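**Student:** starting from these lines, generate the structure:
(chains A and B)
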Number of protein chains: 2
Amino acid sequence: MAAYTLFFGTFIDLPRTPADGKHELSIHHGALWVGYDGLIKGFDWNVRDEGDLQALIEKKEWVLDNGENKKSISSVKVIIAREDQNEFFFPGFIDTHIHASQYPNSGLFGSSTLLDWLQTYTFPLESSFGKSISSARKIYNQVVSRTLAHGTTCAAYFATIHVPATNALADLCLERGQRALIGRVCMDNPDICPDYYRDASPEESLSATQTTISHIHTIDPFGSLVKPIITPRFAPSCSTTAMKNLGQLAASYSPPLHIQTHISENKDEISLVHKLFPESKNYADVYDRFNLLTPRTILAHGVHLTKAERTLIQSRQSKISHCPASNSALGSGLCPVRRLLDSGITVGLGTDTSGGYSPSILEAVRQALLVSRLLPHTVPSDEEGKKDESQSQILSVEDGLYLATRGGAAVVDMANEIGGFDLGMSWDAQLIQLGYPASSVGWDGTKTVGSVDVFGWESWSEKVHKWVWTGSDRNVKSVWVLGKLVHSRRDVDVDGDCLEGLTSIWKSKSIMTAFGAGLLLAGWVVRSGGYMR
Amino acid sequence: MAAYTLFFGTFIDLPRTPADGKHELSIHHGALWVGYDGLIKGFDWNVRDEGDLQALIEKKEWVLDNGENKKSISSVKVIIAREDQNEFFFPGFIDTHIHASQYPNSGLFGSSTLLDWLQTYTFPLESSFGKSISSARKIYNQVVSRTLAHGTTCAAYFATIHVPATNALADLCLERGQRALIGRVCMDNPDICPDYYRDASPEESLSATQTTISHIHTIDPFGSLVKPIITPRFAPSCSTTAMKNLGQLAASYSPPLHIQTHISENKDEISLVHKLFPESKNYADVYDRFNLLTPRTILAHGVHLTKAERTLIQSRQSKISHCPASNSALGSGLCPVRRLLDSGITVGLGTDTSGGYSPSILEAVRQALLVSRLLPHTVPSDEEGKKDESQSQILSVEDGLYLATRGGAAVVDMANEIGGFDLGMSWDAQLIQLGYPASSVGWDGTKTVGSVDVFGWESWSEKVHKWVWTGSDRNVKSVWVLGKLVHSRRDVDVDGDCLEGLTSIWKSKSIMTAFGAGLLLAGWVVRSGGYMR
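**Tutor:** Numbers count the residues shown, from 1 in each chain, chains lettered A, B, ... in the order given. You can find the predicted model right below:
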């Protein structure tokens, strides 16, 4: 492995929230380099062509990694985002709420809503993870494969109540190189949880959770990739003793452990909570009484939060995972994300597989945009909402992408480590390929990459809009976490963009003509011309 | 070309609306045959294996098409839906509302709503179709490629105001074999339409429309694939004279020509109509006054129709094209489809490219399901809607697929010709491939077909649900219109399922072992085993 990796091409990310709250794309063309530790060490947006790149390499006294001098502490490998194929680097997506164990049920929920869906589809599937560790491992491997293929570099996973299967998910994420929070699910209330699938007691909820935490702290002592997250399923499924214990457990670590649960997803669920916890002021207050609302708490959904709850959540600095595909598919409601943001709450996106039908955060972005555009047509859930807020609820493409990257990073309390291309951040990134313009491939839909049709006249901003609305995992060419390549689309020659791409480039006369012979440098090649402004 | 094509495997379609209105899948395993004219001549659901198939062929006195006896009037070619790859035949999708000319703008609308979107994004693009016929033809070819790849076998197209480009779209559909209604757009109101893009007068609206109708009647005299459709853009864009002329024009043919326009998409648009046509009782009444509400009229959207309008539309037997992706993306509203159906109105689905971001009817199905699940959270548009109708608005997967096939067929007034697998219907169909179960390909998401993960335990009904929620054009292996193969996925060997597939089958020892050597008959091969019940 080279000491440095030098990425060259177009880099697009979302700057931290600007003062006016209006997100815009940050688009740069040039070079960015990542160290052996996977962190971004520098960038130079004045690098426009192969000459500039060569000059940069000479100035840095780097040695090109041509396969012979791999052990050099100054060796560098070059990865190119090809302009002719409309490629760009984008931060990896962060899925702040996904039930790994529910993945095989994706797309199966009939016309059910939350509470009957849990009993009919979810609990039977989740309970099966206690029966065979090899079967559990296979399904979890598929989940990690799929989420990586969709560009998800970090996920907050709900597993099941089973310690061995949950530990296997942690092992897998570490092996495959996906950043993850791993939660063993706690659910011990016999009035709500089925006999065949629940913790036997509050003590078991606690001890099983501790066992999984120990395992994860053993396999990844510094939490460089995988961390435990305390996971009371949702208030109705937990005894008060269990919730109290779990709140104390989280606080007993320094820094305190992450916590994840659900809140205010569905109106019947909210009624159930009011019935089960008559002493609490509201749903959020239930968690607050057990010290489960912390700055490291991820609350999934929050569709119908009242103003009092928003104020409480904001004051505790707890975070919300917005799961629009799930909320629409289960008919839970339309989460007023803009109102949450205006309340000072940090929001990210979740797929909520399999309440959500897709493991793709790009799909979650689309659904977040769609739901935000339908909000003006809904019945507001509280008085405050009744004032006219027609256009103000709309999320832009840029807002959606912010939620999917920086927003998600803040939700998992890693705002300084992932979610963008800032100096010192981890290189958790995806190489997006929209493909050649339709005009250059004979105007035949079947010859392009995926479903995005670029016609050649689009600005980079417009290309990003097309990607968000019409893109898929087919546009995810490569994915890195902590500087390590963790996924490449199956038709992509993994090293095709650096050394091994050489031969095919030289064989392709049209490309040679287009880019000139001077582009072949000592051991690597720049496939794309300079960037036109 | 063989005289008959014999399709073997699983066939899924939606029966005509049952008495209780509750749609269910019709799932058959067996053989279905199509004549040289592209029509379904027969089926036999008792054909379970290669022996049964051979017996059927002998009984029918067919001669297998092995490349030598092609001209025989009794030659037959066999196409297989492979059970081991979870393949099935499904009726082709019908897109009842798509603006072919707007396709290059897919995904570009920022945060705009209908009226500003038209001025900012749409009219400038559409006007460019008057400048270069070759450019128009290229874009239209891309649209036909893409829609065919998504399984759309029939589309009701809006083109632009330009006769040559519109005629080129008709030519292309005929050449490529896609069933289509082709509409030259009429828009002559100078108060609404921009100077750079409108018909000069009502007379021009009429005469240009007549020219296109003549062209289409010349290239496809019997309308076997391509038919004209009279297309006043929407009431605000047309003078009353133009609308009157167009209504008369449609009625002057026998049978009357198809008509398509927009209705009640957006609240500002509705206000504009009330302002422009103060003498009309409502939006629907505007069209009715000019005899534009006929049994062959397709009204796109109908999101905010009043009860009086629904009654009028039902009484005229006009149809509604529901375009959920567009309605959500432009924030137009949530169309209460179930209420339209309950009013006795025929409904189909439209992509409304590029108000809709996707040319996929499968995506339209998904969005229709999602919108229907959010309807209980909306503000009803009229008194009648204020009663509690919580669950009653939900569309099931089966309802959505019905709208995409039989419903669409009824909307384009071809309910007896397309949309299902009834005897005598045209073979307008798609071969859907979900792929091998994840378990058989090493549990690695990158090795399966598309995004659908089949785990092996699913019923056919569950497989269809997974396809609807997680599928894409990647699952469309082949598409036929009127019996003719009009699209095959690029990685599919077009004849791979019959003659040319032979070699690879024999080379693959595992497949041979699985299916036995007896499966190779004289010139064709059955790749899949018998169907287990």
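
**Student:** my read is that A:Ala2 contacts A:Ile73, right?
**Tutor:** No. Between A:Ala2 and A:Ile73 there is no contact under CB atoms under 8 Å: 10.0 Å. The C-beta positions use only the backbone N, C-alpha and C, and glycine is treated the same way.

**Student:** compare these two (neighbour count), which wins?
**Tutor:** When neighbours are counted by other CB atoms under 10 Å in any protein chain shown, A:Ala2 and A:Ile73 differ, and A:Ala2 comes out ahead with 21 against 8.

**Student:** gap between the two ends of stretch A:262-281?
**Tutor:** Stretch A:262-281 has an end-to-end distance of 17 Å (CA to CA, to the nearest Å).

**Student:** can it be found next to chain B?
**Tutor:** No. Shown here: stretch A:262-281 not in contact with chain B (CB under 8 Å from any CB of the partner chain), separated by at least 9.3 Å.

**Student:** and A:Gly350, how far from chain B?
**Tutor:** 16 Å (CB to the nearest CB, to the nearest Å).

**Student:** in the stretch 351-500 of chain A, what spans have low per-residue confidence?
**Tutor:** A:380-391, A:439-448, A:493-500 (pLDDT under 70).

**Student:** so where do the helices sit in the stretch 251-400 of chain A?
**Tutor:** Assigned by DSSP state H, counting those that start in this stretch, the stretch 251-400 of chain A shows helices spanning A:267-276, A:283-289, A:307-316, A:324-329, A:337-342, A:361-374, A:397-402.

**Student:** distance to B:Ala242 and mean neighbour count added to those, as a markdown table?
**Tutor:** Listed next are these as a markdown table, based on distance: least, CB to CB, whole Å; neighbours: other CB atoms under 10 Å in any protein chain shown:
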| stretch | distance to B:Ala242 | mean neighbour count |
| --- | --- | --- |
| helix A:267-276 | 49 | 16 |
| helix A:283-289 | 57 | 23 |
| helix A:307-316 | 52 | 18 |
| helix A:324-329 | 40 | 28 |
| helix A:337-342 | 42 | 19 |
| helix A:361-374 | 32 | 26 |
| helix A:397-402 | 37 | 26 |
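
**Student:** of those, which is nearest B:Ser488?
**Tutor:** When those are compared by CB to CB, helix A:361-374 sits nearest B:Ser488, at 26.9 Å.

**Student:** which helices and strands does the helix or strand encompassing A:Glu58 pack with?
**Tutor:** Following DSSP states H and E, the helix or strand that holds A:Glu58 is helix A:50-60. Contacts defined by 3 or more CB pairs under 8 Å, 6 or more residues apart in numbering or on different chains; DSSP states H and E place helix A:50-60 against strand A:4-13, strand A:26-34, strand A:75-80.

**Student:** next structured bit after the second one?
**Tutor:** Read that as strand A:26-34. Taking DSSP H and E, what comes next after strand A:26-34 is strand A:40-44.

**Student:** and that next one, what does it pack onto?
**Tutor:** strand A:26-34.

**Student:** go again using 10 Å as the cut-off
**Tutor:** strand A:4-13, strand A:26-34, helix A:50-60 (3 or more CB pairs under 10 Å, 6 or more residues apart in numbering or on different chains; DSSP states H and E).

**Student:** next, the angle from the second one to helix A:50-60.
**Tutor:** Going back to what we said before, that points to strand A:26-34. 40 degrees (axes from the mean of the first three to the mean of the last three CA atoms, to 10 degrees).

**Student:** who are the packing partners of strand A:26-34?
**Tutor:** strand A:4-13, strand A:40-44, helix A:50-60, strand A:75-80, strand A:87-91, helix A:460-470.

**Student:** would you mind finding the most buried of the helices and strands packed on helix A:50-60?
**Tutor:** Most buried of these, by mean neighbour count (mean count of other CB atoms under 10 Å in any protein chain shown): strand A:4-13, with a mean of 24.

**Student:** and that one, average pLDDT?
**Tutor:** Averaging pLDDT along strand A:4-13 yields 97.

**Student:** that strand - contacts with which helices or strands?
**Tutor:** strand A:26-34, strand A:40-44, helix A:50-60, strand A:75-80, strand A:87-91, helix A:397-402, strand A:429-433, helix A:460-470.

**Student:** spatially central residue for chain A, please.
**Tutor:** The centroid of chain A falls nearest to A:Ile94 when counting by CA atoms, centre = their mean (1.7 Å).

**Student:** that residue and A:Leu403 touch, don't they?
**Tutor:** Yes. Between A:Ile94 and A:Leu403 a contact is recorded at 9.2 Å, counting by CB atoms under 10 Å.

**Student:** need the overlap of contacts for those two.
**Tutor:** Common neighbours of A:Ile94 and A:Leu403, counting by CB atoms under 10 Å, 6 or more residues apart in numbering or on different chains, are A:321, A:348-350, A:361, A:410-411.
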